[in-house]
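A.B. asks: From the sequence below, what's the structure:
(chains A, B, C and D)
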Protein chains: 2
Amino acid sequence: MSSTTTPALRRVLNAAVVQFARHGYEGASLSRIAADAGIRKASLYSHVKSKDALFLAVFEDALEVEARFAHECFEAPEPTLPGLRYCESLLARYADSDHFRFLLRTSYIPPESLFHELQEGYEGYMQQLLMDFTTALRRHVGGGLADQDAEVMGHAYMGLVDSLHVALIYIGQERFEARLEALERLMNESIERLVAGARHG
Amino acid sequence: MSSTTTPALRRVLNAAVVQFARHGYEGASLSRIAADAGIRKASLYSHVKSKDALFLAVFEDALEVEARFAHECFEAPEPTLPGLRYCESLLARYADSDHFRFLLRTSYIPPESLFHELQEGYEGYMQQLLMDFTTALRRHVGGGLADQDAEVMGHAYMGLVDSLHVALIYIGQERFEARLEALERLMNESIERLVAGARHG
DNA sequence: AAAAAACTACCGACCGGTAGGTAGCTTTTT
DNA sequence: AAAAAGCTACCTACCGGTCGGTAGTTTTTT
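C.D. replies: Prediction:
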């Protein structure tokens, strides 16, 4: 998809993701991004052809990085609840990854001109998460899991994830953890019932 | 708190809430707001002293309107699940109320200069919701509800609400309803267990 | 009751500043 | 020497906000 990424373009993208994550599309300025990348604003146009294009490049970048991260959270089998490792790593991820902060901010409130491209991309991210969860759930419960139950738990899990994403943005660490614990408990109880049901269903 | 609201100011506030809800703080322009209110930009300053002040006025307006709406959802006793009526009315509310869309958008991603005022206000909205839910839950379960359990269910409910708020913003109606159904089911099961526990506690 | 003063809401013109973007020349890299 | 990437200088468009002034109403003074 993407052509070769030169070191200079790399610097631009990295500067851009910080600014976009912090100030949003409208609030971030190209001159600031250029300055952070160590060049003049006009020189940006040697690498990208418009602000829109830059934003989209950053978005694809972020999507790739974060989708890989999320997927890796599901690789090792979970000791307790399916999908829990991803949830538990969100706090640290939000603190550490500009790409993640960028992704959350611009997916919930995208610039209107780019709405469709962005929605499609984020949709893909969430879709992958859902599939990873469903797989893990099936592995956890065992063979007797009804499709309908799996679907319901999938919806619940995606709700849980969105709820945690939002919590990252606007409530503190303590309440993030309390929320995770509370919702995890509900999920856990429900899944245990599914396990029991699958055994003598 | 607020001085008298003249009809002209009313028109300005109503035009502003639409623009702010649609384009955000930075994206909304005063000239457009003025035009929609039927006056020139310069005339805005007869009614408000700055863009910040206008935004805050709109915010307080929205907060008052939406807090009252939310509270009313809890007035009549709920036949089934505590707090369900609020959740079920969100879809229509989001479609109908500029104030509500404004509130969601600007609470998740506030303009940085006004961060503190806005966070405090939205905090209050959510706090009231939590108290309304807890009251309804206690009424539903009966006397034997442990404080700790009530707290956990409160966190879960607030997570559910945030998750639905987000769903309004970026996923369609069908999946909103599916999510609500799924999470409602989890809550319901957990609450039923609390009811049983309270009976022979 | 009439005149004077004050006030309100509005206007067009304009301010300094910044935005994204372009033209054309120079430097660096290959 | 050609291509890529940098630069300075500049453009137009728009931003939030202020200015001086005006028409019309309300309040005060005489």
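
A.B. asks: Quick check: pLDDT value at A:S89.
C.D. replies: What the model reports as pLDDT for A:S89 is 97.

A.B. asks: Kindly state the pLDDT recorded for the residue nearest to A:A198 when sequence neighbours are not counted?
C.D. replies: For A:A198, the nearest residue in space outside its immediate sequence neighbours is A:G144; the separation is 3.3 Å by C-beta to C-beta, 6 or more residues apart in numbering or on different chains. All C-beta atoms are positioned from the backbone trio N, CA, C, and that covers glycine. At A:G144 the predicted local distance difference test score is 84.

A.B. asks: Kindly report the same for A:M1.
C.D. replies: A:M1 carries a pLDDT score of 40 in this model.

A.B. asks: Extract the residue ranges of chain A that are flagged as low pLDDT.
C.D. replies: Under the criterion pLDDT under 70, the flagged ranges of chain A are A:1-3, A:200-201.

A.B. asks: still on that earlier bit, hang on, isn't the residue nearest to A:A198 packed against A:R199?
C.D. replies: Yes: the pair A:G144 and A:R199 qualifies as a contact (C-beta atoms under 8 Å) at a distance of 7.2 Å.

A.B. asks: who's more crowded, these two?
C.D. replies: Between A:G144 and A:R199, counted using other C-beta atoms under 10 Å in any protein chain shown, A:G144 has the larger neighbour count: 13 against 10.

A.B. asks: distance of the more buried one from A:L160?
C.D. replies: With the distance defined as C-beta to C-beta, to the nearest Å, A:G144 ends up 24 Å from A:L160.

A.B. asks: Next, the residue nearest to A:A198: phi, psi?
C.D. replies: Recorded main-chain torsions at A:G144 are phi -90, psi 30, according to degrees, to the nearest 10.

A.B. asks: For chain A, list the residues in contact with chain B, please.
C.D. replies: Residues of chain A lying close to chain B (C-beta under 8 Å from any C-beta of the partner chain) are A:23-24, A:26-27, A:105, A:107-109, A:112, A:119, A:122, A:152-156, A:158-160, A:162-167, A:169-170, A:175, A:178-179, A:181-183, A:185-187, A:189-190, A:193.

A.B. asks: Let's see the PyMOL selection covering just the buried ones among these.
C.D. replies: One line in PyMOL is enough to select the buried ones among those; burial here means 16 or more other C-beta atoms under 10 Å in any protein chain shown:
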select buried, chain A and resi 23+24+27+105+107+108+109+122+152+153+154+155+156+158+159+160+162+163+164+165+166+167+169+170+178+179+182+183+185+186+187+190
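
A.B. asks: could you check the angle helix B:173-199 makes with the helix or strand hosting A:R179?
C.D. replies: In the assignment (DSSP states H and E), A:R179 maps to helix A:173-199. For helix A:173-199 and helix B:173-199, the angle between their directions (axes from the mean of the first three to the mean of the last three C-alpha atoms, to 10 degrees) works out to 90 degrees.

A.B. asks: So A:F20, which state does it fall into?
C.D. replies: helix (DSSP: H, G, I helix; E, B strand; the rest coil).

A.B. asks: Return the residues in contact with it.
C.D. replies: Counting by C-beta atoms under 8 Å, 6 or more residues apart in numbering or on different chains, A:F20 touches A:A28, A:F55, A:V58, A:F102, A:R105, A:T106.

A.B. asks: got it, and A:L137?
C.D. replies: Shown in contact with A:L137 (C-beta under 8 Å, 6+ apart): A:P82, A:G83, A:L145, A:A150, A:M153, A:G154, A:Y157, A:I191.

A.B. asks: for A:A198, same thing?
C.D. replies: Contacts here follow C-beta under 8 Å, 6+ apart; on that basis A:A198 touches A:V141, A:G142, A:G143, A:G144, A:L145.
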